[in-house]
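**Q** A structural model of the following input is requested.
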Amino acid sequence: MNDSPWAAEPVAAGPAYDALVGPQTRPMPIVPDAAGRDFDDREARDRGAAADGGPPFRAEMPPQEPMPSPPPSQAPQDASPPPPKKRAGRDLRAAIGVGIGLGAVIFASLFIVKAVFVGVIVVAVVVGLWELTSRLQEKKGIKAPLVPLAVGGAAMVIAGYVRGPEGAWVAMALTALAVLVWRMTEPPEDYLKDVTAGVFAAFYVPFLATFVAMLLTADDGPQRVVTFLVLTVVSDTGAYAVGWRFGKTKLAPRISPGKTREGLLGAVAFAMVAGALCMEFMIDGGSWWQGLLLGLAVAVSATLGDLGESMIKRDLGIKDMGTLLPGHGGIMDRLDSLLPTAPVVWLLLAAFVGTG
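**A** The predicted structure is shown next:
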């Protein structure tokens with residue numbers, strides 16, 4: 001026996017019926033009007049309500065049925081944005097095109113006339129000094145004198161190529177002296193700050209670049225320069241490729257948030273393999289195990305050089321040193337890992353196979 005209320009006995013129309021289901025649903029009797037026409041008592045009630053100023057009974061809207069829930073396929077999706085995809089941060093097409101163009105200029109000058117490549121180094125040094133001194137003045141108000149730096153920097157590179165390390169050191173000393181004297185032509189305010197920045201710029205850009213010119217003086221000089229360039233580029237490429245794909249642990253988040261320890265391991269692995277190949281097949285008297293050590297040293301020096309310039313740019317509050325090279329930034333943004341690596345490569349090659 002069903003005891004649910006849906007199975008109760010029917011109730012006759014009347015007060016009990018109205019209390020149960022409401023007067024609205026009770027069937028209304030048919031009564032004749034004065035003319036003898038029959039009409040529904042509900043119509044009479046409607047008319048009476050309208051005459052009293054209230055809404056007719058039929059104006060009451062029936063309760064609306066609830067809207068059906070959408071199928072699972074149409075359910076609203078999670079509004080949270082998808083995780084951002086890793087981006088390179090630069091125009092890769094422009095960067096590759098500029099890199100190929102620079103490589104063509106470097107290789108053509110290396111294997112045609114050595115002196116032409118020295119000229120390429122001088123141009124890069126002068127442009128790099130201009131970018132560095134311009135950013136120092138714009139962002140910090142430091143006026144490192146460009147004229148003595150540019151002249152002294154060019155002389156430094158040429159002296160290193162012609163006279164070796166002794167010539168480079170003499171040119172460096174004379175350039176520092178020229179910076180001190182040149183700044184004396186202006187008011188003494190900020191003199192110490194300006195000359196300090198000038199001497200730093202002379203050491204950082206032209207003096208370190210002089211070691212590239214000194215690599216060129218050996219009998220296999222072009223091959224040594226190519227080894228230096230290839231190892232630095234391969235180190236940067238390995239760090240980028242491995243860090244972009246697998247990088248999770250930050251290497252120096254306060255200096256360069258994009259660099260990871262995994263990327264550093266990639267730089268070391270790539271550079272060591274490239275170093276073994278270059279020393280075995282390109283350097284006269286070189287051995288593969290020497291290339292492994294050379295690649296390890298290049299990976300470390302290139303990373304430190306990149307971090308060093310990142311530190312400078314963070315202090316200046318800029319992203320790039322310039323805009324001369326599309327997809328790369330400025331000349332200094334390409335020299336950051338090359339400059340500190342040049343003396344490391346020159347020193348290790350001199351120790352492994354000599355300077356001749």
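**Q** residue 142 should be in a strand, yeah?
**A** No. Assignment of residue 142 by DSSP: H, G, I helix; E, B strand; the rest coil gives coil, placing it outside any strand.
**Q** in stretch 98-107, what counts as buried?
**A** Within stretch 98-107, the residues that count as buried by 16 or more other CB atoms under 10 Å are 98, 102, 106. All C-beta spots, glycine's among them, are computed from the backbone N, C-alpha and C.
**Q** out of those residues, which one sits closest to residue 321?
**A** Nearest to residue 321 among the buried residues of stretch 98-107, counting by CB to CB, is residue 98 at 15.0 Å.
**Q** is it true that the closest one touches residue 325?
**A** Yes. Look at residue 98 against residue 325 with CB atoms under 8 Å: they come within range, at 5.1 Å.
**Q** which residues of the chain fall in helices?
**A** 15-21, 41-51, 92-112, 114-140, 146-163, 165-183, 191-202, 208-216, 221-246, 261-281, 288-316, 331-335, 338-353 (DSSP state H).
**Q** in CSV: these, plus mean pLDDT.
**A** Below are the helices of the chain laid out as CSV (pLDDT from 0 to 100):
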stretch, mean pLDDT
helix 15-21, 49
helix 41-51, 48
helix 92-112, 78
helix 114-140, 95
helix 146-163, 97
helix 165-183, 97
helix 191-202, 97
helix 208-216, 96
helix 221-246, 94
helix 261-281, 96
helix 288-316, 96
helix 331-335, 91
helix 338-353, 96
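**Q** would you mind finding the most buried of the ones you listed?
**A** Of all those, helix 208-216 carries the top mean neighbour count, a mean of 25, counting by mean count of other CB atoms under 10 Å.
**Q** would you mind writing the CA trace of that helix as CSV?
**A** Below are the C-alpha coordinates for helix 208-216, written out as CSV (Å, rounded to 0.1, in the frame of the first residue of the first chain):
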residue,chain,number,x,y,z
LEU,A,208,89.2,42.9,-23.3
ALA,A,209,88.6,43.1,-27.1
THR,A,210,92.4,43.4,-27.6
PHE,A,211,92.7,39.7,-26.8
VAL,A,212,90.7,38.9,-29.9
ALA,A,213,93.2,40.8,-32.0
MET,A,214,96.1,39.0,-30.2
LEU,A,215,94.5,35.6,-31.0
LEU,A,216,94.8,36.6,-34.7
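**Q** elements contacting that helix?
**A** helix 114-140, helix 146-163, helix 165-183, helix 221-246, helix 338-353 (3 or more CB pairs under 8 Å, 6 or more residues apart in numbering; DSSP states H and E).
**Q** out of these, flag the one nearest residue 268.
**A** With distances scored as CB to CB, the stretch of these nearest to residue 268 is helix 221-246 (7.7 Å).
**Q** residue 323 reaches residue 331, doesn't it?
**A** No. If you go by CB under 8 Å, residue 323 and residue 331 don't touch, sitting 10.5 Å apart.
**Q** and which of the buried residues of stretch 98-107 is nearest residue 141?
**A** residue 98 (31.6 Å).
**Q** ok, back up a step: ok, which of the helices and strands packed on helix 208-216 comes nearest residue 290?
**A** helix 338-353 (4.7 Å).
**Q** hmm, who's touching the closest one?
**A** 204-205, 208-209, 211-212, 214-215, 218, 224, 227-229, 231-232, 279, 283-287, 290, 293-294, 297-298, 301-302, 304-305, 308, 355 (CB atoms under 8 Å, 6 or more residues apart in numbering).
**Q** switch the cut-off to 6 Å
**A** Contact with helix 338-353 is made by 208, 211-212, 214-215, 224, 228, 232, 285-286, 290, 294, 297-298, 301-302, 305, as judged by CB atoms under 6 Å, 6 or more residues apart in numbering.
**Q** neighbouring strands for the longest strand along the chain, and are they parallel or not?
**A** Secondary structure of the chain per DSSP state E: the longest strand is strand 256-260. Paired with strand 256-260 in the same sheet, following DSSP bridges, are strand 250-252 (antiparallel).
**Q** quick one: mean pLDDT for the strand it pairs with?
**A** What strand 250-252 shows for mean pLDDT is 93.
**Q** next, the buried residues of it.
**A** 251-252.
**Q** which residues touch it?
**A** 259-261, 264, 307.
**Q** now swap in stretch 197-217 and tell me
**A** In contact with stretch 197-217 (CB under 6 Å, 6+ apart) are residues 114, 118, 121, 125, 128-129, 132, 136, 142, 144-145, 149, 153, 156-157, 160-161, 168, 172, 175-176, 179, 224-225, 339, 342-343, 346.
**Q** straight-line length of that stretch, end to end?
**A** 31 Å (CA to CA, to the nearest Å).
**Q** coming back round to it: possible to save the contacts of strand 250-252 as CSV with distance to residue 197?
**A** Output for the contacts of strand 250-252, formatted as CSV (distance: CB to CB, whole Å):
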residue, distance to residue 197
259, 26
260, 32
261, 33
264, 30
307, 20
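**Q** and the gap between residue 331 and residue 121?
**A** 11 Å (CB to CB, to the nearest Å).
**Q** what does residue 295 give?
**A** 23 Å.
**Q** related to what we said a few turns ago, looking at the helices of the chain, which is closest to residue 255?
**A** Between these, helix 288-316 lies closest to residue 255; by CB to CB that is 5.2 Å.
**Q** got the angle between that closest one and strand 256-260?
**A** Helix 288-316 and strand 256-260 are oriented at 160 degrees to each other (axes from the mean of the first three to the mean of the last three CA atoms, to 10 degrees).
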